[in-house]
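>>> Have a look at this prediction, sequence included:
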Amino acid sequence: MTHQETKGQVKQVKGRIKEDVGIVTGDEKLEKEGSHDRAVGGIQEAAGKVTRKVGEAVEDLADAIKK
């Protein structure tokens with residue numbers, strides 16, 4: 001797992017907490033901010049996965065060339 005994936009997951013958790021607190025307190029701004037943070041965290045996690053997969057593919061290609 002890459003650092004970017006981890007940061008994305010943490011951002012999603014923080015967003016969920018903000019969203020839930022916003023719902024409970026009736027604070028629509030906090031709720032929307034939390035929802036936004038969750039979405040950004042999901043994108044960040046996905047970007048990290050893509051980066052990791054590309055890196056793995058490059059390593060596999062390099063190994064194949066060495067043979």
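Cool, the structure landed.
>>> Looking at this structure, which helix is longest?
helix 28-66 (DSSP state H).
>>> by contact count, what packs against that one?
When contacts are defined as 3 or more C-beta pairs under 8 Å, 6 or more residues apart in numbering; DSSP states H and E, helix 28-66 packs onto helix 3-25. Just so you know, the C-beta spots here come from the backbone N, C-alpha and C atoms, and that holds for glycine as well.
>>> and the helix it packs on with helix 28-66, angle?
Calculated by axes from the mean of the first three to the mean of the last three C-alpha atoms, to 10 degrees, helix 3-25 forms an angle of 160 degrees with helix 28-66.
>>> In helix 3-25, which residues are buried?
By 16 or more other C-beta atoms under 10 Å, the buried positions in helix 3-25 come out as 4-5, 8-9, 11-12, 15, 18-19, 22.
>>> What mean pLDDT does the longest helix of the chain get?
Throughout helix 28-66, pLDDT has a mean value of 96.
>>> Repeat that for stretch 7-15.
98.
>>> Show me the contact partners of it.
Residues outside stretch 7-15 that contact it (C-beta atoms under 8 Å, 6 or more residues apart in numbering) are 33-48.
>>> And those, which of them are buried?
By 16+ other C-beta under 10 Å, those give 34, 37-38, 41, 44-45, 48 as buried.
>>> Throw those into TSV and include distance to D60, thanks.
Below are those laid out as TSV (distance: C-beta to C-beta, whole Å):
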residue	distance to D60
G34	39
D37	35
R38	33
G41	29
Q44	25
E45	23
G48	19
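>>> I'm done for today, thanks for sticking with me.
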